[in-house]
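Enquirer: With the input below, show me the fold.
(chains A and B)
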Amino acid sequence: MSPTIYLLLSALLFAIGAVGVLVRRNAIVVFMCIELMLNAVNLTLVTFSRINGSLGGQIMAFFVMVVAAAEVVVGLSIIMAIFRTRRTTSVDDANLLKY
Amino acid sequence: MSPLTPAMPSVDYAALAPVLIVLGGACLSVLLEALLPLRVRGRVQLGVTLTVVVVGLVAVIVRATSGAAPVTTLAGALAVDGPALFLWGTLLALAVPSVLLLADRSVEPGGAFVADPVALGEAEERERVAVGARSGGATARARTGGGGGRDGARGRGTRARDVVEGQTEIFPLVLFALGGMLVFCAADDLLTMFIALEVLSLPLYLLCGLARRKRLMSQESAVKYFLLGAFSSAFFLYGLALLYGYADSVKLADISQAAAGSLRPDSLLFGGLALLVVGLMFKASVGPFHTWTPDVYQGAPTSVTAFMAACTKVAAFGAILRVFTVAFGSTVWEWRGVLWAVAIVSMVIGAVLGLTQTDVKRMIAYSSVAHAGFLLLGAMAITPAGLSATLFYLLAYGFTTVALFGLVSLVRGPDGEATHLSAWAGLGKRSPVVAAAVTFLMLALAGIPLTSGFTAKFAVFSAALADGMTPLVIVALVVSAVAAFFYLRLIVLMYFSEPAADGPTVSVPGPFTTVAITLGVVVTLLLGVVPTAVLGWADGLSFLG
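Expert: Next up, the predicted model:
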């Protein structure tokens, strides 16, 4: 099977993630959608690595995974902090700062 | 040597010294955080942080004046060339007043930061109890519920004292963010740039949420900044992946080479560029990607806002300049039209929405969006004049902003900073010195002669004009005039209206804040009066590769 199909798949996953960030209300789900976007990128990188016949893309996928893990640590701690003061993780309720 | 032994890349330690000093200092700072007793931690951490920043600055100056040839090191991951050294110098110089503002305890007793609201409540309760006990009251005994309550309170004593002493975690966080910024604007391949982007962003997300006062707003700003920041870095990363597919490499020079003659479809190149630019523009708070800026500038503790506004902008524009020049300089005519639109949108949004703001911090945030548009003008002109003008603009704007936020933190009401415009009415009568300093910095933001803002704008606009962007320069001039209105409105408000009877007080700043503000004001003045020294340094710098 042509590897191009994986590029389309990853583009689709990326788009699903991006739409999810825009429409979902729960901060945790928004965050999961961002993770989906990062993993879509990983698929792209690995596919291009295969198409180009070089290892660089696969190495980069590892870097992305590590960064994503670090981001989870920071992100969840921030979401936890706001949950403890507000008792909600809905991003619609975070509306003190506007206009 | 067996074929599996990887060739070790050469590391030019001398060239990397500033980055190594800052990141090494950050690690040391984490270690101190764990080992030092609470009493001395704050002072030692501040000492270490300031020393690291100053030593890093000295290392940059030594490198820049030694005439060492520009090099790429770490297997081409970092390019230490003229612009990189200038940006490093700018970042570290801006870090000095920023760290001083962060460390200040005189304006907000105990510092402006606290990690845990529960601990804060306890600490304040304990303080109240202690005060009650001193005034010899039965109330104190009643509150602690006798001896048993007191024992229980002792168990939580460390945590509570921690709060009274203030947070010291901010220092390693700031150093890591600074290290990320240094790498960000010297990164010669996109992967390094992405890692640096995260290293600079993650500590900033945390710093935004640590305010002692107005915690809900502070945490909200942290969540917004984090979610939008992670969203935009995903775009950056997808751009990276597409460019990797196009050029089979993420090195900026390789992308430029591939753009000259690759058999792959151009849609990969320009799709990748577009997504990459979205990520970079977000960090620089340009144009339609600015939505986080006002919220985060308003919600974050003011000293963090100062650091973020000045240093992040320098780092982000440093990276934008490098990407545009080194990787996409050869295809500039294909993509510049789109960026014209982005620059116009950014300038117009900044100026028009700035007019409607009633909060000083939000107003400065929109002003920074407008300034990002001006900076983009210089960055789009892929000429030596454009480069030197943008570098100068970053330095000038950074110092003005840091000093301005320092002053904002001084105007205080009963519940922390009074940032509403109405609170600033009549400030000129109550506190002439602060009002005069704010006036001067506002004039600098507006770009009035004898301030650094004028020189910077003049340099950027003339570079853009020389590169055939006349319509953009006309828009920029109109926008400058519009933006001048809201800077001047604040000045009018300070001098020509009566102060409210229950208006805010202006704190007398401690030595740290005084030094930081003075530094910002003096640099703004010097760059306006004698800009030639710095402009001379910025002139004739060029990117490697």
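Enquirer: Please save the CA atoms from stretch B:493-500 in CSV.
Expert: What follows is stretch B:493-500, C-alpha atoms only, in CSV (Å, rounded to 0.1, in the frame of the first residue of the first chain):
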residue,chain,number,x,y,z
LEU,B,493,-6.1,61.3,32.4
MET,B,494,-3.1,61.5,34.7
TYR,B,495,-2.5,65.2,34.5
PHE,B,496,-5.8,66.9,33.7
SER,B,497,-8.4,65.1,35.9
GLU,B,498,-9.0,65.3,39.6
PRO,B,499,-7.9,62.3,41.6
ALA,B,500,-10.7,60.3,43.1
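Enquirer: where's it relative to the chain centroid, distance-wise?
Expert: 31 Å (C-alpha atoms, centre = their mean, to the nearest Å).
Enquirer: Quick check: mean pLDDT of it?
Expert: Mean pLDDT, stretch B:493-500: 87.
Enquirer: What lies in contact with that stretch?
Expert: B:421-430, B:435, B:438-439 (C-beta atoms under 8 Å, 6 or more residues apart in numbering or on different chains). The way it works is simple: take the backbone N, C-alpha and C, and place the C-beta from them, glycine included.
Enquirer: Below-threshold pLDDT in chain B: ranges please.
Expert: For chain B, the stretches with pLDDT under 70 are B:1-4, B:110, B:115-166, B:545.
Enquirer: Which parts of it belong to which domain?
Expert: If you go by automatic domain parsing, the domain ranges for chain B are B:13-114+B:166-538, B:115-165.
Enquirer: now the ones you listed in TSV, with mean neighbour count and distance to A:Ala81?
Expert: What follows is these, written out as TSV (neighbours: other C-beta atoms under 10 Å in any protein chain shown; distance: least, C-beta to C-beta, whole Å):
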stretch	mean neighbour count	distance to A:Ala81
domain B:13-114+B:166-538	21	6
domain B:115-165	14	8
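Enquirer: what's around B:Pro9, how many residues?
Expert: 10 (other C-beta atoms under 10 Å in any protein chain shown).
Enquirer: Which members of the contacts of stretch B:493-500 are the farthest-apart pair?
Expert: B:Ser422 and B:Thr439 (18.0 Å; C-beta to C-beta).
Enquirer: Any residue of the longest helix that chain A contains touching chain B?
Expert: In chain A, with assignment by DSSP state H, the single longest helix is helix A:56-86. Yes - for helix A:56-86, a contact with chain B is found by C-beta under 8 Å from any C-beta of the partner chain, at A:56-57, A:60, A:63-64, A:67, A:70-71, A:74-75, A:77-79, A:81-82, A:84-86.
Enquirer: Now which of those residues would you call buried?
Expert: For the residues of helix A:56-86 next to chain B, a neighbour count by 16 or more other C-beta atoms under 10 Å in any protein chain shown gives the buried set as A:56-57, A:60, A:63-64, A:67, A:71, A:74-75, A:78-79, A:81-82.
Enquirer: Report the central residue of chain B.
Expert: B:Met308 (2.6 Å; C-alpha atoms, centre = their mean).
Enquirer: ok now do residue 49, which residues does it touch?
Expert: Looking at chain A here, since you left the chain open. Contacts of A:Ser49 (C-beta under 8 Å, 6+ apart): A:55-58, A:61.
Enquirer: looking at chain B here, not the other one
Expert: B:25, B:29, B:99, B:103, B:171, B:174-175.
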